[in-house]
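S.K.: Build the 3D model from these lines:
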Amino acid sequence: MIHPSAIVDPKAEVAADVEIGAFSVIGAGVRIGGGTRIGHHVVLQGDTTIGRDNRIFHFCSLGEEPQDKKYRGEPTTLEIGNGNTIREYCTFSRGTVQDGGVTRIGDDNWIMAYSHIAHDCLVGSHTILANSSSLAGHVVVHDYVVLGGFTLVHQFCKIGAHVMTAGGTVLFKDVPPYVTVGGGVHAEPHGINAEGLKRRGFSPEVIAEIKHAYKTLYRSGLTLEEAKVALAGQRASCPEIGLLLDFLDTSTRGIVR
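M.R.: Residues are numbered from 1 along each chain as shown. Below is the predicted model of the structure:
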């Protein structure tokens, strides 16, 4: 299951059924769960934990030192959950002590070639990062987000659940749940991710309520605080609006609007 040319440090913890391809390097602090398959020329370093049934394709570099000039060799970690697909040439960095010290990726994510997840990012589950998506440090990506190819996310931004971005989008502000955004360096909202919600089992009635909430936030002419008051009233008939309100309460960079 381990190619003869692969280098696996004796201090690494590798489940018995893990596959490791030719010329891959597994460092001392790495732990790999059962059923995970690692391609050729992959480098896994640092205090890195990888769960079960992941597929890591060729030439990935996961768990290296963060690309942060403040980093001075402190012990930090990378945690990857279960069932993720990580395609060619992806790079994930460990965290920094200036934040929580951990970069964390959840379960069942599909992360395409050349994507970068920087230090201290928190990525949920069931996301899709299309080719060459890049997350700067301290970014939070919630569940079921879809980032179009070449999406760039500025540090400390938060992306709410069920968001979808167009290819080439550049985000400098937070994106509330359910919203579709696009437009390069001047990213703007373009309605809700209705098709994604349908695929995930949201009823037509709930989708209609979320569309109404979107209009309250983006089309009513209300200030953000006024819109939050109106949305609080709508939550009574549609609990899913609570996800939107909770996000607005925790936004720190302002929202795309």
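S.K.: which residues of the stretch 1-150 of the chain fall in helices?
M.R.: Counting by DSSP state H, counting those that start in this stretch, the stretch 1-150 of the chain has no helices at all.
S.K.: Output the longest helix belonging to this protein.
M.R.: helix 204-218 (DSSP state H).
S.K.: Go through that helix and flag the buried ones.
M.R.: Buried residues in helix 204-218, counted by 16 or more other CB atoms under 10 Å: Ile207, Glu209, Ile210, His212, Ala213, Tyr214, Thr216, Leu217, Tyr218. (Glycine included, C-beta is placed from N, CA and C.)
S.K.: mind checking how far the first one is from Asp249?
M.R.: The reference is to Ile207. Distance, Ile207 to Asp249, by CB to CB, to the nearest Å: 23 Å.
S.K.: swap in the second one?
M.R.: Distance check for Glu209 against Asp249: by CB to CB, it reads 19 Å.
S.K.: picking up where we left off before, can you name the next helix or strand after the longest helix of the chain?
M.R.: Moving toward the C-terminus from helix 204-218, the next helix or strand (DSSP states H and E) is helix 224-234.
S.K.: Buried residues of that next one, list them for me.
M.R.: Going by neighbour count (16+ other CB under 10 Å), the buried part of helix 224-234 is Ala227, Lys228, Leu231, Gln234.
S.K.: helices and strands around it, which ones?
M.R.: helix 204-218, helix 241-250 (3 or more CB pairs under 8 Å, 6 or more residues apart in numbering; DSSP states H and E).
S.K.: which residues sit against the first one?
M.R.: In other words, helix 204-218. Helix 204-218 has contacts (CB atoms under 8 Å, 6 or more residues apart in numbering) with 176, 178-179, 189, 191-192, 194, 197-198, 202, 222, 224, 227, 230-231, 234, 237-238, 240-241, 244, 257.
S.K.: ok, 6 Å please
M.R.: By CB atoms under 6 Å, 6 or more residues apart in numbering, the residues outside helix 204-218 that reach it are 178, 189, 192, 194, 197, 227, 230-231, 234, 238, 240-241, 244.
S.K.: quick one: which of these is nearest Leu78?
M.R.: Distance to Leu78, by CB to CB, is smallest for Tyr178 among the contacts of helix 204-218, at 29.3 Å.
S.K.: For that closest one, list the residues it contacts.
M.R.: Tyr178 makes contacts with His162, Ile192, Asn193, Ile210, as judged by CB under 6 Å, 6+ apart.
S.K.: ok, and the closest non-adjacent residue to the third one?
M.R.: The reference is to Asn193. Sequence neighbours aside, Met164 is the residue nearest to Asn193 in space, at 4.5 Å (criterion: CB to CB, 6 or more residues apart in numbering).
S.K.: pretty sure the one you found is touching Gly182, no?
M.R.: No. Using CB atoms under 6 Å, Met164 makes no contact with Gly182, being 8.8 Å away.
S.K.: Please identify which of those two sits among more neighbours.
M.R.: Taking other CB atoms under 10 Å, Met164 and Gly182 do not tie; Met164 has more neighbours (26 against 18).
S.K.: and that one, what are its bridge partners?
M.R.: Beta-bridge pairing for Met164 (DSSP bridges): Val146, Thr180.
S.K.: Any figure for the gap between it and Arg94?
M.R.: According to CB to CB, Met164 and Arg94 sit 29 Å apart.
S.K.: do Ala236 as well
M.R.: Per CB to CB, Ala236 is found 44 Å from Arg94.
S.K.: which of the two has more neighbours?
M.R.: Using other CB under 10 Å as the criterion, Ala236 and Arg94 rank with Arg94 on top: 28 against 8.
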